[in-house]
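Asks: coords below, sequence missing:
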């Protein structure tokens, strides 16, 4: 079965919602757009996290010691190796592949230990500061360097998590692994890890409590609120990134002040969740917008309807259904938009859907039409053949008429396929339940399913 | 005719149902389409079950309604409607089982052994008139 945006858990027939796992579930074909923020380890109340931060920092600062003690070439090699960590699959790549930094950039990073007196004397306390001096260093590099220097811990964490939830592991070879005793990278290390079934490359999990979209200490934040732009730009020209980096090299006190401020406000630094529900007021406003939209395609109302439904449903059904993707497809010249959810099976109803219809993922087709036609049902039905088991949901404006209801009942009678419809009225009830929390919005889908099954011949 | 046990059960059920009805009425006014949580639904269902037992086929308000199915996601207004029907049915049952003592003008339950000494209020129809 081909999954849309496959995750390692579903691929191995493990159905646990993201919210119940300690690690960010890796996607098999692309990166997760989050990054390890070393500041989260620094500020963590856990001694384990703090000590991992210290060891990452020691390893990084050791590169400075090497630089100052005639081992710069080795240090350059090490920083280049540490600049990319494909196994963790964090970042913005849609192929789970990245590039290492160049020799020139590596050299520039190491030169900071020499040209900035404070780093020369007392080394780094937050190595993410390198992004204030070096062009091309940002959140992805900070994250990858952190991951490489703590990879031993991440491997143990991954093995522990895999054993807990039974993700299979195989013997594989890691090209490099940082050795904390030798302060250098060992090569070709044999370990047991889960692998990506497509590329056969090992996968390493990362605790989700260490992830943020942007590091707490970051260039944009510094530039916006702390960088003395007037002082740097006294010639009236446009302020370039390079100019700011050069200014920072010669004015460490500005960076020091910024870091102190960020440390002072550490309590505001929180990890970012992999998915964040929209607030209740926003859900209500989206529902109102949906109700006001006319059916059809005038004024792009179909596109607006699809966008609103997508934002609303992903939040209403969280955490029981993790949102996987929205996708467009063309069938017989018609553009169709679908929502795809991972079926976590943590609710008896979802388990039943999996058992009865083999739905590892649940597909919802969005139709902003006055009334559903036979062709709309057929389009979804044909699509259900391929990937999604035999269960599908039509999200549309009005209740299906008698003949279309018969149509979907016939599909069940003949082929044991189940298509249910969700209308504006159902959405209204889902939003009401989302607000009151008396029942789950998912129960509305279950209600429609029960109604459908009652109408089917026994 | 009813016995003392049934009188006791009837009065308890009327009390419970009245309290559910006023609670649910307030919720239904605020958000009629909101679902009722499982805990409340179970309490209401168990009271309705007891009502069905007491009322029997003759007095039960709907032939094909037994209790709420939680999968049907009954809303506040659904529940209020049913509760009001059960309250009416209980009142009809009570009215048919009470009588006025002509001497004192007070209302008492009738039992198989004759007039009980359990006083009650007049039938709602008479009270309302």
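Replies: Noted; the coordinates are in hand. From a predicted model like this one, the values you see are computed outputs, not experimental measurements.
Asks: quick one: name the residues of the stretch 301-450 of chain A near chain B.
Replies: A:428-429, A:432-433, A:436, A:438-439, A:443-444, A:446-447, A:450 (CB under 8 Å from any CB of the partner chain). Glycine gets a C-beta too; all of them are placed from N, C-alpha and C.
Asks: need the max-distance pair from those.
Replies: Greatest spatial distance among these (CB to CB): A:436 and A:450, at 20.8 Å.
Asks: find the closest residue to chain B in the stretch 301-450 of chain A.
Replies: residue A:439 (3.9 Å; CB to the nearest CB).
Asks: contacts only, for that residue.
Replies: When contacts are counted by CB atoms under 8 Å, 6 or more residues apart in numbering or on different chains, residue A:439 touches A:433, B:35-38, B:73.
Asks: and for residue B:85?
Replies: B:61-62.
Asks: with the one 10 residues further on instead?
Replies: Contact partners of residue B:95, counting by CB under 8 Å, 6+ apart, are B:123-125.
Asks: do residue A:394 as well
Replies: Counting by CB under 8 Å, 6+ apart, residue A:394 has contacts A:364-365, A:367, A:372, A:376-377, A:380, A:400, A:419-422.
Asks: one more time with 6 Å
Replies: Residue A:394 sits next to A:365, A:421 when contact means CB atoms under 6 Å, 6 or more residues apart in numbering or on different chains.
Asks: next up, phi/psi of it, please.
Replies: When read as degrees, to the nearest 10, the backbone of residue A:394 gives phi -100, psi 120.
Asks: report the beta-bridge partners for it.
Replies: On the basis of DSSP bridges, residue A:394 is bridged to residue A:365, residue A:421.
Asks: that older thread, would you say the residue of the stretch 301-450 of chain A closest to chain B is within a strand?
Replies: No. Using DSSP: H, G, I helix; E, B strand; the rest coil, the assignment for residue A:439 is coil, not a strand.
Asks: these two touch, right, residue A:305 and residue A:368?
Replies: Yes. Assessed by CB atoms under 6 Å, residue A:305 is found in contact with residue A:368 at 3.9 Å.
Asks: more neighbours, these two?
Replies: Of the pair residue A:305 and residue A:368, residue A:305 is the one with more neighbours under other CB atoms under 10 Å in any protein chain shown, namely 25 against 22.
Asks: what helix or strand does that one sit in?
Replies: Assigned by DSSP states H and E, residue A:305 falls within helix A:301-316.
Asks: low-confidence stretches in the chain?
Replies: Just so you know, I chose chain A. Residues of chain A that meet the criterion pLDDT under 70 lie in A:1, A:96, A:234-236, A:385-387.
Asks: hmm, no, I was thinking of chain B.
Replies: For chain B (pLDDT under 70), the answer is B:127-129.
Asks: what about the strands in it?
Replies: Under the criterion DSSP state E, chain B contains strands at B:98-101, B:106-111, B:114-120.
Asks: ok now whatever helix or strand residue A:77 lives in, how far from the chain's centre?
Replies: Residue A:77 belongs to helix A:72-82 when assigned by DSSP H and E. The chain centre lies 30 Å from the centre of helix A:72-82; the measure is CA atoms, centre = their mean, to the nearest Å.
Asks: same check, this time on stretch B:37-46
Replies: For stretch B:37-46 - counting by CA atoms, centre = their mean - the centre lies 16 Å from the chain centre.
Asks: in it, which residues are buried?
Replies: B:40-41, B:44-45 (16 or more other CB atoms under 10 Å in any protein chain shown).
Asks: go on, stretch A:346-364?
Replies: A:347, A:349-350, A:353-354, A:357, A:359-364.
Asks: what is the most widely separated pair among the residues you listed?
Replies: By the measure CB to CB, A:347 and A:363 form the most distant pair in the buried residues of stretch A:346-364, at 17.6 Å.
Asks: ok, residue A:174 - how many residues close by?
Replies: Using other CB under 10 Å as the criterion, residue A:174 is surrounded by 18 other residues.
Asks: wait, residue A:23
Replies: Count around residue A:23 with other CB under 10 Å applied: 22.
Asks: tell me who's in contact with it.
Replies: Residue A:23 makes contact with A:161, A:205, A:207 under the criterion CB under 6 Å, 6+ apart.
Asks: grab the nearest non-local neighbour of it.
Replies: Nearest-residue entry for residue A:23: residue A:205, 3.8 Å, with adjacent residues in sequence omitted and distances by CB to CB, 6 or more residues apart in numbering or on different chains.
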